[in-house]
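Undergrad: give me coordinates for this.
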Amino acid sequence: MPITPATAKHSSSNGTEEAILLELVDEKGVTIGTAEKLAAHQPPGQLHRAFSVFLFDEQGRLLLQQRALGKYHSPGVWSNTCCGHPFPGEAPFAAAARRTFEELGVSPSLLAEAGRVRYNHPDPASGLVEQEYNHLFVGLVQAPLAPDPEEVGGTAFVTAAELTERHERDPFSAWFMTVLDAARPAIRELTGLSAGW
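TA: Predicted coordinates for the structure are as follows:
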C-alpha cells in the first residue's frame, strides 16, 4: 500500500511511531525503493526524491523560510519557501502543495513545475548528506501566512537585491543556491520577473 500523509507516521500496535519513508530513485528519477528518512541522509547519502517551492508575492518578492531550531537537519538556517520529500507513491506536485500548507498555513494561488535538479550536498554542521533528485515548483502566494512554529522559525519576503544582502550575512541551507539557480529560468518565465532573479 502506498504511504500517504494519513499513513506515513502512526503508532504501531506496540505504541511506537513508525518511521517516515522516502522514495529512493536512480539518476533518471525512476523509483527503485524506499528508505527511512534519517537513514537516507546518513553519509554517503541515498539518492531520493525531494521538492523545493519558490513562492512570490504580488510585488515580485520571494518568500524565504527560516527553518525552526528544533529541526533535525539544518536548523535555524534560511532557505526557499518550502522544501521536503514526497511520501512513496505521492506525486511531487501534491507533496509540494501539502507541505506548503502544513508548514506555512497557506495554499499557493498558483503553483507550476519548474524543472528538476540533482545534487549532493553534505551539511558540515549535522554530518548529514542531501543526495537529492529535486522537483522544483514556482508559484504565487496571496493569503496571509500562518506558520507552524515547529517547522518555521521565521519568514521574510525579499527582492533579488535584498536576497543577495541577506545571503552574504545570514546562514542559508546548503542546497539553497543550487535549487534557486536551477529554478531561475522558470521563475523568470512563469512570473514575468526581471533577470534580477
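
Undergrad: could you measure from the residue nearest to Val129 when sequence neighbours are not counted over to Ala35?
TA: Computed as Cβ to Cβ, 6 or more residues apart in numbering, the closest residue to Val129 that is not its neighbour in sequence is Gly45, at 3.3 Å. C-beta coordinates here come from the backbone N, C-alpha and C atoms, glycine included. Summarising the geometry, the distance separating Gly45 from Ala35, computed by Cβ to Cβ, to the nearest Å, is 10 Å.

Undergrad: what segments of this structure are helices?
TA: With DSSP state H, the ranges of helices along the chain come out as 37-40, 92-104, 160-169, 176-191.

Undergrad: what about Val30, neighbour count?
TA: The local packing of Val30 (other Cβ atoms under 10 Å) involves 9 other residues.

Undergrad: backbone dihedrals for it, please?
TA: For Val30, the backbone dihedrals are phi -90, psi 130 (criterion: degrees, to the nearest 10).

Undergrad: residues near the closest residue to Ala50 other than its chain neighbours, how many?
TA: Residue nearest to Ala50 in three dimensions, not counting chain neighbours: Glu132, with 4.2 Å by Cβ to Cβ, 6+ apart. Using other Cβ under 10 Å, Glu132 has 29 neighbouring residues.

Undergrad: could you number the chain from 25 rather than 1 from now on?
TA: Will do, 25 is the new start, and the previous item becomes Glu156.

Undergrad: ok, so what distance separates Glu156 from Ser76?
TA: Summarising the geometry, the distance separating Glu156 from Ser76, computed by Cβ to Cβ, is 9 Å.

Undergrad: which residues do the two both contact?
TA: In terms of Cβ atoms under 8 Å, 6 or more residues apart in numbering, Glu156 and Ser76 are both contacted by the residues Trp199.

Undergrad: can you tell me the centre-most residue of the chain?
TA: Cys107 (0.8 Å; Cα atoms, centre = their mean).

Undergrad: that one contacts Ala74, doesn't it?
TA: Yes. Here Cys107 reaches Ala74: they are 6.8 Å apart, a contact under Cβ atoms under 8 Å.

Undergrad: common neighbours of those two, please.
TA: Shared contacts of Cys107 and Ala74 (Cβ under 8 Å, 6+ apart): Asn158.
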